[in-house]
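Visitor: Okay, sequence plus prediction incoming.
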Amino acid sequence: MTVIEKQYMDSVININRIMRKSQDAEPDWEQRRYEIAKDVMANMIGAVVKGAIDKRAMYDPNHISLAKSSVNAATALVNELKNTQEKK
């Protein structure tokens, strides 16, 4: 076995170990919640800018209501994902 073949085999073994760990690990739900809330808020602001949502209905100079709605939506989705995962 050449040095390159040995390095390749070691890499495959390490990748396999990493993949097994990631499958067994519990997801970082707070990180997921943050990512979802960020995406929801960006999409809501985009909808206001594009005119899909009336600007007068969403007027909040500090975007506090958008932030709260985004966090609530993210929390609901994370809770649903947790329930789905527990059923498996």
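Guide: That came through, no problem. Everything numeric in this text was worked out from a predicted model, so none of it was measured. Numbers count the residues shown, from 1 in each chain.

Visitor: C-alpha only now, for contacts and for neighbours.
Guide: Will do.

Visitor: next helix or strand past the worst-scoring helix or strand of the chain on mean pLDDT?
Guide: The helix or strand of the chain with the poorest confidence is helix 3-24; it has a mean of 74 (mean pLDDT, DSSP states H and E). Next in sequence after helix 3-24, counting helices and strands by DSSP states H and E, comes helix 29-50.

Visitor: what's the helix or strand following that next one in contact with?
Guide: Note on helix 29-50: by DSSP H and E, the next helix or strand toward the C-terminus is helix 64-87. For helix 64-87, the surrounding residues in contact (CA atoms under 8 Å, 6 or more residues apart in numbering) are Trp29, Arg32, Arg33, Tyr34, Ile36, Ala37, Lys38, Val40, Met41, Met44, Met58.

Visitor: Would you mind checking those residues for buried ones?
Guide: Arg33, Ile36, Ala37, Lys38, Val40, Met41, Met44 (16 or more other CA atoms under 10 Å).
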